Every structure is written in structure tokens, then in C-alpha cells.
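Undergrad: Provide a 3D model corresponding to the input given below.
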Amino acid sequence: MNDFLPSDLPAFADRVAANQRQLSEHSRGSYDFIVCGAGSSGSVVARRLAENPSVAVLLIEAGGTDEVPTVMEPGAWPANLGSATDWGYVAEPNPHLNGRAIPMSMGKVLGGGSSINVMVWARGHRSDWDFFAEEAGDQSWGHDAVSKIFREIENWQGTPDPRHRGTGGPVFVQPSPDPGPAAVAMLDAAKEIGIPTFASQNGEMMEGDGGCAFTDVLIRNGRRHSIFRAYTYPFLDRPNLTLLTGTQVTRVLIEHGKAVGVEAVHQGRTLRFEAAREVILSLGAVQTPAVLMRSGIGAERDLRSLGIPVVQDLPGVGQNLQDHVSFGCIWEYREPVAPRNSGSEATLYWKSRASLPNPDLLFCQAEFPVPSPETAGRGTPAHGWTMFAGLALPKSRGRVSLPSAEPLATPRIEANMLSHPDDVTAAIACVEMCRALGNTRAFEPLVARESMPGHLGAAEMERFVRDSAVTYWHQTCTAKMGRDAMSVVDSKLKVYGVDRLRIADGSVMPRITTGNTMAPCVIIGEKAARALRDEHGI
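TA: Presented below is the predicted three-dimensional model:
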């Protein structure tokens, strides 16, 4: 491929730098819209609003530049974890994980999660979107309507599939190019145990029982093509879009029940920015509820206990935290095999029980060993691959809360993984399916032995599951869309009881989607942007 865009050229980068320097030096203080967070949803909202040249948009991001090797080089993504591009959250010790306190990495960089993740483009299952529509009471969230948006925004590079895939959109998507031998073996292994394979992980495969396919990825010309790069960066040479990095939003300014701006901290200084039309929070499932609570929006009892004046009693803020939990099953290679692309090139969705209507398990390969700290002692090979598999629809629920009213206090995360007994049952079924896949004839040419877990009795298998459990980095659902007492936003993503305030990020999901969450977050950004443009006539 050699299809560079104007925004790929050095001259454009120079123009962006000069324009943004000019805008920051002559800050207007007041904007039509303030978008907080330049992640997978906020990048979309900022771009779509700025497409109208008469609309002034401020995009605020706590992190810094994405022009770093760990972000731009697809295979370097693991080095983001625990680095300056990561918020570095750690969940509270969890009795259901044998007391373990697990890291909960989230992107703190332009592009957010889309800049530090594995670049997987996974739309979710048909049932996810139809559930969203039911919860919201709005069929525009349903699968058929959302599929139309996906076709509009994709620039699909794989086998043409006009019914499911689109071309010409901003999101450059391709199947993992030239996948490695472990990925090829995974598709053959799936067939061997009776799981169908597909040309793409998106489309027909996710409208029924699931299946196995090579992974769709956001890699362009050998570099990560994050949602920030796809949507926002090409517009940063325009005079109506101001990007402010290294700036953490601490609260929304609310007067007479209306959001009128935000307060933020930049290099130790507290700044205030006014929004003439709306404020959009796109800070993710940890910071969005934290900012809401510091702004006086949340459970009245909790806010009063922290001395925060109550603006709107919304008990669902910070509740309903969901995440995909994963268990690393590892095999030793016969000979070293270098990872390709992102090192995760094949994916599989299937059911823990045949009677289930939809897939509830998610399998991704990692072409290197990925033990948890607690399972590493079981014997991690120097060269091997991991079935990084877990629960696609967990029943366990956690929460995010504030330890204090301090503006920059790190939120408290109670992930609560495996607290629901059904999740433990599904987790054991997931690990057993991993073992079945990894020990097929398809892997025999590559694999010397199964490193972990191996054949275990019931008690030891449960211990392995609780010791190996780690996050998929898909934290969502803490400000959910819906119509019940625990809902935080309506179908247009407006915060209940507060005018001119919307949320556009993974926190609005009523339940976590079946698969990686980046692509659904792009849809959430598109839905928010379209609602804003319709309401404000722009």
C-alpha cells in the first residue's frame, strides 16, 4: 500500500503545529462546544462538530502527543502499559481474585485507548445493539441502523462485502496482513473442533453463533491508525478546532441547571473555559463518572459524604462498571516465532454452553507469553503464544467512586471481576475450550507443549482462573444509557436533569459489547455528533 493522505505529509504536520500554536496563544476562553477527551469517542465528536467552519470547538486531552514509538509501531503496544501514555489505574484488591489488585490500564494520550490498544476493529454482536435500542427506547441504536453507520465510516480494505462493509470512510480497516503461523493454525484449530471460520470477524460472523477469523485491525502503511489520526488530526489545521493537551478536566461548571463550561488543570494552574452551546464528556468509564461526581452529579448520599454540593441526584453514576476479564493459557513454541503486526492476528467468539442464544466467550491470540504475575511461577516459556480468552458478557458488576473531593484525586475502582458465580462457571468453560483449541493437530507443528494451565482438577482449575484473571482493558458502562432509575443519559446521550451536558464514550453502554470496545465507542461518538448537529442546526 502506498496511499498516503495529505495529513501524512510533513508539510501538513508543520501547518498543524503552526495553527495550534496560534490558537493556544490567542485562546478565546469561550467556545461553542467543549469536548473533554480525545479518545475513541471524543475524537469523533470534535471532528464532526468542526466540519462546520462556523462552529468553534475546544478539544481537551489530559495526555500528550501520540508521536511516540509505543503508539505508532503496531507491535510495540505492550510497552504502553504502565508508561506515560497510561493512566496507570489499579483496581482495589478483589476477594474473588484471591485478593489480587490488578492494573486497569487506560489510554492517557491523543487517541486514548485507540492509541495504546491492540488495534482490533470489532463491531460487537447483533444482539448488543438490539439490546441498546431496547434499553434506550430508540431503534436508531439497533443493529440494522448502526450497521449503516459502520458502512458509512469504514474504508474497508479486505474482500468486498457491500452488505456489511463500507469504503471511502475515515476508518482505514484491513484484515491482519500476512498473518503468522499461529494465527493460521488457530483458524484450522477452530474448524477441527467444529467452529466455523469466516473471511472477516465483522459482518455475518457476529449475527449468529459466532466463529473464528483473522483479526480486523487499524493499521495503515505499517503504522497504527488510531481514531484520533483517522478523525481529528486531518482537521487540526483549521482555525475553528483548538486542541489543548496536558490538561485534565476536573469538573463541569453548572449554573441554574445548565452546563456552561469546564474547569481544568494545566501545568498546575486551574483554568476555566466557557461553552456557549454544550459540554461533551468523553473521558472514559473512570474519569467521566469522576468528573460528574466532582460536578455534583451522582448519588446524593455519596456526594454529601464528600462535602460536594448536589446538583443532580443520579445514583447510577459510577455504578454498573463492566469489563472483559481474560485468562492467559500459554503454549511453548518448538522454535521461536516472531510476532507479526500487533501480535494478535486471529480472534474467535463462541458459547460456553450450546443452549445460549449468542456467543459469551471472546478469544484473541497473543503471539507471545502473557501470564499474570500470579501464574508466571507455573513456568512461562521463553518463546510461546497465548490464548488470551475471556468472558464477552460477564455478569459481575463493579463501580467507580471518589476517595475525596480533591480535583485530581485518583478515582477508586472496584472491578469486582468473578463476583458472580455464573462468571466462574463460564470462565472454567472458557479455559477448557482454550485447551481444546491449543492442543489440536493444527498446532502440533508449532507447539512443543502446553505450559499452562494443563490438566487440572476442579479446585485447582478454579484457583487458576482466579489467579490468571486480568483485564481486557475494556472498562465501560459507568454512566449508562437507559430509562430506569440507574440510567445517567437518555438515547441522545444527554445527562438527565442537566441541560447542555452530554456523554459520549464507553461509559454510556448499558452493557459491555461482545468484543473489543473501540469500534462501538466510535459509533457512540458518531451518534452523539449527529444528535448535536441535529439539535443545534449545524
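
Undergrad: What is the helix or strand harbouring S43 packed up against?
TA: Using DSSP states H and E, S43 maps to helix 42-50. Helix 42-50 is packed against strand 30-36, strand 57-60, strand 241-244, helix 518-536, with contacts defined by 3 or more CB pairs under 8 Å, 6 or more residues apart in numbering; DSSP states H and E. Where you see a C-beta, it was placed from the backbone N, CA and C, and this is true even at glycine.

Undergrad: and D161, which of the ones you listed is closest to it?
TA: In terms of CB to CB, the element of the helices and strands packed on helix 42-50 nearest to D161 is helix 518-536, at 15.9 Å.

Undergrad: Buried by neighbour count: which residues of that closest one qualify?
TA: Neighbour-count burial for helix 518-536 flags 518-529, 531-532 (criterion: 16 or more other CB atoms under 10 Å).

Undergrad: do stretch 452-464 as well
TA: M452, P453, L456, M461, E462, R463, F464.

Undergrad: ok now do F464, which residues does it touch?
TA: F327, T375, V431, M452, P453, L456 (CB atoms under 8 Å, 6 or more residues apart in numbering).

Undergrad: Among those, pick out the one closest to D128, please.
TA: Distances from D128 to the contacts of F464, taken by CB to CB, are shortest for F327, at 22.0 Å.

Undergrad: re the thing from before, max pairwise distance over the buried residues of stretch 452-464: which two?
TA: Largest separation among those by CB to CB: M452 and E462, giving 14.7 Å.

Undergrad: Tell me how the chain divides into domains.
TA: 21-67+226-318+477-536, 78-105+173-223+321-471 (automatic domain parsing).

Undergrad: Select, out of those, the one closest to G124.
TA: domain 21-67+226-318+477-536 (3.6 Å).

Undergrad: just checking, which of the contacts of F464 belong to strands?
TA: If you go by DSSP state E, the contacts of F464 have F327, M452 in strands.

Undergrad: ok, back up a step: from the domains of the chain, which stretch is densest packed?
TA: domain 21-67+226-318+477-536 (a mean of 22; mean count of other CB atoms under 10 Å).

Undergrad: Check the model's average confidence along that one for me.
TA: Mean per-residue pLDDT for domain 21-67+226-318+477-536: 97.

Undergrad: Stretch 131-144 too?
TA: The pLDDT scores in stretch 131-144 average 98.

Undergrad: Can you point out the buried residues in it?
TA: So stretch 131-144, judged by 16+ other CB under 10 Å, has buried residues F131, F132, A133, E135, A136, D138, S140, W141, G142, H143.

Undergrad: Take these and keep only those in helices.
TA: Assigned to helices by DSSP state H, the following of the buried residues of stretch 131-144 qualify: F131, F132, A133, E135, A136, H143.

Undergrad: what would the helices and strands packed on helix 42-50 look like in TSV with distance to V508?
TA: Formatted as TSV, those follow (distance: least, CB to CB, whole Å):
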stretch	distance to V508
strand 30-36	14
strand 57-60	19
strand 241-244	23
helix 518-536	6
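
Undergrad: Nearest to T167, out of the domains of the chain?
TA: Each of those has some distance to T167 by CB to CB; the shortest is domain 78-105+173-223+321-471, at 9.8 Å.

Undergrad: gap between the two ends of that closest one?
TA: One end of domain 78-105+173-223+321-471 sits 14 Å from the other (CA to CA, to the nearest Å).

Undergrad: wait, isn't S115 in contact with W77?
TA: No - under the criterion of CB atoms under 8 Å, S115 makes no contact with W77, lying 9.1 Å away.

Undergrad: Nearest to N320 among the helices and strands packed on helix 42-50 would be which one?
TA: helix 518-536 (15.6 Å).

Undergrad: Longest strand in the protein, please.
TA: Scanning the chain for the longest strand, with DSSP E as the assignment, gives strand 269-281.

Undergrad: That one versus strand 30-36: what angle between them?
TA: 80 degrees (axes from the mean of the first three to the mean of the last three CA atoms, to 10 degrees).

Undergrad: Give me the residues contacting strand 269-281.
TA: Residues contacting strand 269-281 (CB under 8 Å, 6+ apart): 29-37, 42, 45, 58, 60, 247, 249-250, 252-253, 259-265, 288, 291-292, 407, 500-505, 528, 532, 536.

Undergrad: mind redoing it with 7 Å?
TA: 29-37, 45, 58, 252-253, 259-264, 288, 291, 500-504, 528, 532, 536 (CB atoms under 7 Å, 6 or more residues apart in numbering).

Undergrad: Which stretches in the stretch 101-250 of the chain count as helices?
TA: 113-116, 126-136, 143-153, 181-192, 227 (DSSP state H, counting those that start in this stretch).

Undergrad: Render the CA-only coordinates of the third one in CSV, please.
TA: Coordinates of each C-alpha in helix 143-153 appear next as CSV, following Å, rounded to 0.1, in the frame of the first residue of the first chain:
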residue,chain,number,x,y,z
HIS,A,143,-28.2,-3.4,14.8
ASP,A,144,-29.5,-2.5,11.4
ALA,A,145,-29.3,1.2,12.0
VAL,A,146,-25.8,1.0,13.5
SER,A,147,-24.6,-1.2,10.6
LYS,A,148,-25.5,1.5,8.2
ILE,A,149,-23.2,3.9,10.2
PHE,A,150,-20.4,1.4,10.2
ARG,A,151,-20.6,1.1,6.4
GLU,A,152,-20.5,4.9,6.1
ILE,A,153,-17.4,5.4,8.3
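
Undergrad: so it versus helix 518-536, what angle?
TA: Angle, helix 143-153 to helix 518-536, by the same axes, to 10 degrees: 90 degrees.

Undergrad: Next: the longest one.
TA: Relative orientation of helix 181-192 and helix 518-536, computed by the same axes, to 10 degrees: 90 degrees.

Undergrad: Which other helices and strands does the helix or strand E332 falls within contact?
TA: Element membership for E332, per DSSP H and E: strand 325-333. Contact partners of strand 325-333 among helices and strands, from 3 or more CB pairs under 7 Å, 6 or more residues apart in numbering; DSSP states H and E: strand 384-391, helix 421-438, strand 447-452, helix 458-468, strand 469-471.

Undergrad: can you put these in CSV and add distance to D484 and mean pLDDT?
TA: Shown next, in CSV, are the helices and strands packed on strand 325-333 (distance: least, CB to CB, whole Å; pLDDT from 0 to 100):
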stretch, distance to D484, mean pLDDT
strand 384-391, 24, 95
helix 421-438, 22, 97
strand 447-452, 42, 96
helix 458-468, 32, 97
strand 469-471, 27, 96
